[in-house]
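Q: Just need the structure, nothing else, for what follows:
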Amino acid sequence: MKSADKESSTDAEHRQIQTFLAELPPEVIINILSRLHVGRLLCLRSVAKPWRSLIDSSYFKNLHLHHSTQSKSNLTLILRKDSDLFCVDFDSLNDAVELTHPLMCYSNRIRVLGSCNGLLCICNVAEDIALWSPWIRKYRILPSLPSDRKRDKGMCLCGARVYGMGYDAVNDDYKLVRISQFVGWDSASFESEVTVFSLRRREWRKVDDMPFLLCYTRKMGIFSNGCVHWVVTRTEQLDKPASEVVAGFDVVNETFREVPMPEMDRKCQISVGHLEGWLCIVAKYEGVGVDVWSMKQYGVKESWCKLFTVKQVQGVGRLKSIRPLIYSKNGRQVLLELNHEELVWFDLEGQMVNSVKIRGLPDFFEATVCAETLVSVDPSKREDRETVGKKKKKRDDFLAEGFKLVL
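A: The predicted structure follows:
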């Protein structure tokens, strides 16, 4: 008897919820859904066909992505150590949970080649490359490339190879850039070979070579403002002391450009980063500390400003590396990765460093900020504006009726 009462009570609650949702305008329901974690959205796809149609649409995927990045919700830290990947929820920063990635590791490490809009690009020692969404558990193995060896004109084997991933907003395409550089036997000359993989076309193709020399062969490109960036030196200065600059690869035009540098003391080691939508330069002064610069208007030299300075951190020892990852939600702190060994909050006003305690944190790692999104490794077919407009109106009408009928 009690069981029957409980069942009828549950059914009554469900009917009340359905009645309540049925009275809400579709745009309100869409706004609520856009704030949910991907895991819950995947479950809600089975509620009704209109919900599945909505959640699977490019419109909703972009809305969910925009809300996640603007509000700093649904963000995750991806930590790599050797052949393992871990994720840490940004809101709680409590536990590091191991992820099962799609590549064979052959008892060796994997590399994170790039991250963009929730997609991760990873690679193993055999040069197998996968574009992977941990959130919807889908991946695509990229077609292999022939060995890039140069034996002509006195060039030795490939001396450096770096990657970078970015999003082409004009063509709604995700692209992976590979730069291979070949140094001459005389160590005074070099050549480069640049290839780009297009997810929409699902193919690699060669583009114009890069007119710069890579400075750091183990650092992947940083995507910001439509370009993938590396620290380089100018080719015409190979016979002079190296002067580090930043070069960007425009993923739409597929061309390189030099980014103007801020006015700063050049006796430092620089690296590039991305913070709060801006391109950043991290200038490390040995034994002193680190300056973090941000370019507020991309491509404009005068828009560089120094965000903050981190001096030698007490209890950390020698500062080998600092990477700014993300601002706190209140904007008063910045999450930093120190020496690939720990995460700390840097208080911008008090200039203090507070360690972040995370259960299961690897003892040595590389951190990447990644949004939990519905972005797929299977891009939808492009359509002209007229067709899209008609389908959007049809979908809106369908959703409006569907929500009322089903809920």
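
Q: So what's the residue count around Gly331?
A: Using other CB atoms under 10 Å, Gly331 has 10 other residues around it. (C-beta placed from N, C-alpha, C; glycine too.)

Q: same check, this time on Glu341
A: Glu341 has 15 neighbouring residues, counting by other CB under 10 Å.

Q: Contact partners for it?
A: Counting by CB atoms under 8 Å, 6 or more residues apart in numbering, Glu341 touches Asp363, Phe364, Phe365.

Q: Show me the strands in the stretch 201-350 of the chain, by range?
A: Under the criterion DSSP state E, counting those that start in this stretch, strands of the stretch 201-350 of the chain are mapped to 203-207, 212-214, 222-224, 227-234, 245-250, 255-259, 269-275, 278-285, 289-295, 304-311, 322-327, 333-338, 342-347.

Q: I'd like those strands laid out as a markdown table, including distance to Cys370.
A: As requested, the strands of the stretch 201-350 of the chain are exported to a markdown table (distance: least, CB to CB, whole Å):
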| stretch | distance to Cys370 |
| --- | --- |
| strand 203-207 | 24 |
| strand 212-214 | 25 |
| strand 222-224 | 12 |
| strand 227-234 | 17 |
| strand 245-250 | 21 |
| strand 255-259 | 24 |
| strand 269-275 | 12 |
| strand 278-285 | 18 |
| strand 289-295 | 21 |
| strand 304-311 | 22 |
| strand 322-327 | 11 |
| strand 333-338 | 14 |
| strand 342-347 | 15 |
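
Q: Save those as CSV, and put in mean pLDDT too.
A: Listed next are the strands of the stretch 201-350 of the chain as CSV, based on pLDDT from 0 to 100:
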stretch, mean pLDDT
strand 203-207, 94
strand 212-214, 88
strand 222-224, 95
strand 227-234, 93
strand 245-250, 95
strand 255-259, 95
strand 269-275, 92
strand 278-285, 93
strand 289-295, 92
strand 304-311, 90
strand 322-327, 92
strand 333-338, 93
strand 342-347, 92
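
Q: just to revisit the earlier point, ok, of the contacts of Glu341, which come out buried?
A: Buried positions within the contacts of Glu341, assessed by neighbour count (16 or more other CB atoms under 10 Å), are Phe365.

Q: helices and strands of this structure: which one has the lowest mean pLDDT?
A: helix 385-406 (a mean of 47; mean pLDDT, DSSP states H and E).

Q: follow-up on the earlier one: out of the strands of the stretch 201-350 of the chain, the one nearest Thr195 is which?
A: Comparing the strands of the stretch 201-350 of the chain against Thr195 with CB to CB, the closest turns out to be strand 203-207 (5.1 Å).

Q: roughly how far is that closest one from the heart of the chain?
A: 22 Å (CA atoms, centre = their mean, to the nearest Å).

Q: got it, and stretch 126-133?
A: Centre-to-centre, stretch 126-133 and its host chain are 15 Å apart (CA atoms, centre = their mean).

Q: again, but for stretch 341-352
A: 22 Å.

Q: now the end-to-end length of it.
A: Distance between the two ends of stretch 341-352: 18 Å, counting by CA to CA, to the nearest Å.

Q: cool, stretch 105-112 as well?
A: Terminal residues of stretch 105-112 lie 13 Å apart, using CA to CA.

Q: in it, what counts as buried?
A: By neighbour count on 16+ other CB under 10 Å, the buried set for stretch 105-112 is Ile110, Arg111, Val112.

Q: My read is that the second one contacts Cys123, right?
A: Yes - contact criterion CB atoms under 8 Å: Arg111 and Cys123 qualify, at 4.9 Å.

Q: Which residues are in contact with each of these two?
A: With CB under 8 Å, 6+ apart, Arg111 and Cys123 have no common neighbours.

Q: related to what we said a few turns ago, which among the strands of the stretch 201-350 of the chain is found nearest to Trp51?
A: Using CB to CB, those put strand 322-327 closest to Trp51, at 31.3 Å.

Q: what ranges of the stretch 101-250 of the chain fall below the confidence cut-off?
A: For the stretch 101-250 of the chain, the stretches flagged by pLDDT under 70 are 146-159, 184-189, 236-242.
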